[in-house]
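Visitor: Dropping a prediction and its sequence here:
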Amino acid sequence: MVEQPRIIQLPKISDPRGNLSVIEELKDIPFKIERTYWIYDVPGGEVRGGHAYKENQELIVALSGSFDVVLDNGKEKKVFSLNRSYIGLYVPKGLWREMENFSTNSLALVLSSTKYDAEDYIRDYQEFLNFIAQ
Ligand code: TYD
């Protein structure tokens, strides 16, 4: 069965000295973390992504600012607006994804279930449609 994307409310320890949130693998998110990367200094109007992964799963958090993640399963698109540092978007494998509408100084944290592997990417939309139809 194909997994669905979903918003994950991360633990938030509220404190007058400043709040704290945390992610533990296989507890707060459904995969083991093999890699972490972040996207920043995105010029206004730029769109990131434009690909799908065959195997990689991710959790995306807007650590600062805001942006939209558009997920497409080949039949319908869903837009998730992220703008809180205690909210994660779980992105299962096999979805076409784009990230857009980055606010100034936004910072996107991405936790990944696999090491970087260029072979895991599908960068052609028609190829993506063929892949999910298999
Ligand atoms: P890409 O995943 O296409 O970025 P986005 O989906 O945010 O638009 O990656 C952009 C470039 O960075 C590409 O040349 C591959 C490289 N890259 C790595 O070397 N390691 C990584 O972990 C990631 C995510 C990307």
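Guide: Yep, it's here.
Visitor: residues near the residue lying closest to Lys77 once chain neighbours are set aside, how many?
Guide: Nearest residue to Lys77, sequence neighbours excluded (Cβ to Cβ, 6 or more residues apart in numbering): Val70, at 5.7 Å. Every residue, glycine included, has its C-beta placed from N, CA and C. A count of nearby residues for Val70, using other Cβ atoms under 10 Å, gives 18.
Visitor: now Asn130
Guide: Based on other Cβ under 10 Å, the number of other residues close to Asn130 is 12.
Visitor: helix/strand/coil for the residue of the chain positioned farthest from its centre?
Guide: Ranked by distance from the centre of the chain (Cα atoms, centre = their mean), the top residue is Pro16, with 29.5 Å. Classification of Pro16 using DSSP: H, G, I helix; E, B strand; the rest coil returns coil.
Visitor: What of Lys115?
Guide: Criterion first, three-state DSSP; result for Lys115: coil.
Visitor: what about it, how many residues close to it?
Guide: Lys115: 9 surrounding residues under other Cβ under 10 Å.
Visitor: Ok, Asn56 next?
Guide: Asn56, neighbours per other Cβ under 10 Å, totals 22.
Visitor: Now it: closest residue in space, sequence neighbours ignored.
Guide: Using Cβ to Cβ, 6+ apart and skipping residues adjacent in sequence, the residue nearest Asn56 is Thr114, 4.5 Å away.
Visitor: Give me the pLDDT value at the one you found.
Guide: On pLDDT, Thr114 comes in at 98.
Visitor: What of Glu3?
Guide: Note on Glu3: pLDDT of 88.
Visitor: Ok, Gln134 next?
Guide: So Gln134 comes in at 89 (pLDDT).
Visitor: Which positions in this protein make contact with the ligand?
Guide: When proximity is defined by Cβ under 6 Å from any ligand atom, the chain lies next to the ligand at 35, 37, 39, 48-49, 51, 116.
Visitor: Please report how far Leu89 lies from the ligand.
Guide: According to Cβ to the nearest ligand atom, to the nearest Å, Leu89 stands 14 Å off from the ligand.
Visitor: Would you enumerate the residues in contact with that residue?
Guide: Taking Cβ atoms under 8 Å, 6 or more residues apart in numbering, we find Leu89 in contact with 5-8, 59-61, 69, 80, 82.
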